[in-house]
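Colleague: Any chance you can model this:
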Amino acid sequence: MHLSKLFFTNLGPFDEIEFDFDEHVNVFAGPNNSGKSTVLLALGEIAVYPFSLPEKLLRAKAARFRVELGEERKVFENRFPIDIDKFDDIVSLMTRVGYSSFVPAIRLSTDFRARVPTVPNKRDATDNSTEESEELRKRERLIHTYASSISDEAVVQKIIELDYRAYRRSSPTIRNIIDKTVAIASEITEGYSIRFVRVDEDKRGLFPQFVTPDGLVPLNVLSQGTQSLVQWLAHLLIGMAEYYDYPKDIENESGILIIDEIDAHLHPSWQRGIIPALTKHFPNIQIFCSTHSPLMLAGLKAGQVQLLERDEHGKVTVSRNEQDIVGWSADEILRSFLDVPSPTDLETVQNIERLQELRQIDGLTDEQASELNRLRETVRRDLIGGPLATELDELRSILNESTRSSSPNSPSQ
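Modeller: Next up is the predicted model:
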């Protein structure tokens, strides 16, 4: 079940703020220090267990929250940080949400080697744990996530354990979790496919090997962007698999993915494929993420951008896009959502601003008139004579062809 609303007070830069969420995708955009990470950390505190909200976000006044779930409009209220022992509804909330994962912006790469997997003991048949404690216990067995950073160590160990478990049980379903992780990564990293092939061993321990266009390599040899992508996809898929006990149709399971700087270290062409890949393979996952990239906003539907900005009094406010961002150029997105009115180099921006300033002056001096003419020619040359000229020519060609095709005298097709 998805989160539909969130209200909280006295956290990070927020005195109070309320969000309405899209049931599928919520991308937080806005300048630095506008509270994007704070919102994601608040969501992590509410929906992820175990999790620790950073104390630096807390104020002297008590921070409270109210969250609403799905169409049933079930409301949960408490204070930050959450005290599990005093929040009787926490298990009810988490059970309704399903699997949840938080991935911080900093994803560390190490040269970690895994230990030899062991066969886990079966649960004691006389275990008298309640349904509530079992829900929390189940979450404690998943890969733990932290508010500040994660490293590849837990992911590497889990891949080794899954490969071993798949071998012992002759289970392609378990092995498929690893294969699906790298398959989705390859779908995003267009032109650079990766595939898990086996577990290798050296003097320091075990590690997974991947086939790439550069040959056979361990995880930490991949580029930082590819490693980051594999890391958080593995967190998502392995966590879902363990939480739902390795279902064959894992794509249909529900849950929440919260990830800060989802596009970190990725090329723009890869960034633009992240959300489509996730919504394609996980239609029932609700995504919460932050970005500074216009390519991450391209293609989003109305209401899927959560734009954080400060008003004239310094208070952070939120708004959502009222229309689909389909067919928009990066420049249009930069102007509309990322507060870059002139998306070009700084020198050209300064020339444009000076040109506009001179145009507002009545009775220019000879020197100012000369500067105006010079800047007019410079700006025209730099803007129209660059790649934009080619784009304009292509647009004219498309419009001319459209006009000819729609003309009553045009030959029939």
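Colleague: you'd agree R335 is up against T344?
Modeller: No - using CB atoms under 8 Å, R335 makes no contact with T344, being 11.2 Å away. Yep, even glycine has a C-beta here, placed from its N, CA and C like the rest.
Colleague: Between the two, which contacts overlap?
Modeller: Between them, R335 and T344 share no contacting residue under CB atoms under 8 Å, 6 or more residues apart in numbering.
Colleague: helix or strand right after the helix or strand H235 falls within?
Modeller: For H235, the host element (DSSP states H and E) is helix 224-243. Note on helix 224-243: by DSSP H and E, the next helix or strand toward the C-terminus is strand 255-259.
Colleague: and the angle for that next one with helix 224-243?
Modeller: If you take axes from the mean of the first three to the mean of the last three CA atoms, to 10 degrees, strand 255-259 sits at 150 degrees to helix 224-243.
Colleague: For strand 255-259, list the C-alpha coordinates in PDB.
Modeller: C-alpha atoms of strand 255-259 as PDB (Å, rounded to 0.1, in the frame of the first residue of the first chain):
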ATOM      1  CA  GLY A 255       6.900  -1.800  -1.400                       C
ATOM      2  CA  ILE A 256       8.800   1.500  -1.100                       C
ATOM      3  CA  LEU A 257      12.200   2.500  -2.400                       C
ATOM      4  CA  ILE A 258      13.700   5.700  -0.900                       C
ATOM      5  CA  ILE A 259      17.000   6.700  -2.500                       C
END
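Colleague: For that strand, name the packing helices and strands.
Modeller: In this structure, strand 255-259 packs against helix 36-47, strand 99-103, helix 224-243, strand 285-290, with contacts taken as 3 or more CB pairs under 8 Å, 6 or more residues apart in numbering; DSSP states H and E.
Colleague: mind running it again at 6 Å?
Modeller: helix 36-47, strand 99-103, strand 285-290 (3 or more CB pairs under 6 Å, 6 or more residues apart in numbering; DSSP states H and E).
Colleague: What's the first helix or strand after that strand?
Modeller: Next along the chain after strand 255-259, taking DSSP H and E as the criterion, comes helix 268-271.
Colleague: mind exporting that next one as PDB, just the C-alpha atoms?
Modeller: Taking Å, rounded to 0.1, in the frame of the first residue of the first chain, the C-alpha atoms of helix 268-271 are listed here in PDB:
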ATOM      1  CA  PRO A 268      22.800  11.700 -18.600                       C
ATOM      2  CA  SER A 269      21.800   9.100 -21.100                       C
ATOM      3  CA  TRP A 270      21.700   6.500 -18.300                       C
ATOM      4  CA  GLN A 271      19.900   8.900 -15.900                       C
END
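Colleague: of the helices and strands packed on strand 255-259, which approaches K74 most closely?
Modeller: For these, distance to K74 was read as CB to CB. The smallest value, 13.2 Å, belongs to helix 36-47.
Colleague: ok, the residue of the chain most remote from its centre to R376 distance?
Modeller: Most distant from the centre of the chain: D366, at 53.9 Å, with distances by CA atoms, centre = their mean. Distance, D366 to R376, by CB to CB, to the nearest Å: 16 Å.
Colleague: for E134, same thing?
Modeller: Distance, E134 to R376, using CB to CB: 73 Å.
Colleague: ok, back up a step: out of the helices and strands packed on strand 255-259, nearest to Q231?
Modeller: strand 99-103 (7.7 Å).
Colleague: Can you name the residues in contact with that closest one?
Modeller: 44, 47-48, 145, 232, 235-236, 239-240, 243, 255-259 (CB atoms under 6 Å, 6 or more residues apart in numbering).
Colleague: just those residues now: which is nearest L58?
Modeller: For these, the nearest to L58 is G44 (14.6 Å; CB to CB).
Colleague: and the residue nearest to L237 when sequence neighbours are not counted, what does it touch?
Modeller: With sequence-adjacent residues excluded and distances taken as CB to CB, 6 or more residues apart in numbering, L237 is closest to T181, at 4.9 Å. Contact partners of T181, counting by CB under 6 Å, 6+ apart, are L233, A234, L237.
Colleague: ok, the contacts of strand 99-103 vs D339, which is closest?
Modeller: For those, the residue nearest D339 by CB to CB is I259; the value is 22.8 Å.
Colleague: Endpoints of stretch 107-118, how far apart?
Modeller: By CA to CA, to the nearest Å, the extent of stretch 107-118 from end to end equals 27 Å.
Colleague: buried sites along stretch 146-158?
Modeller: Neighbour counts over stretch 146-158 (16 or more other CB atoms under 10 Å) mark Y146, A147, I150, D152, E153, A154, V155, V156, Q157, K158 as buried.
Colleague: any idea which of those residues is least confident?
Modeller: Of all the buried residues of stretch 146-158, Y146 carries the smallest pLDDT score, 84.
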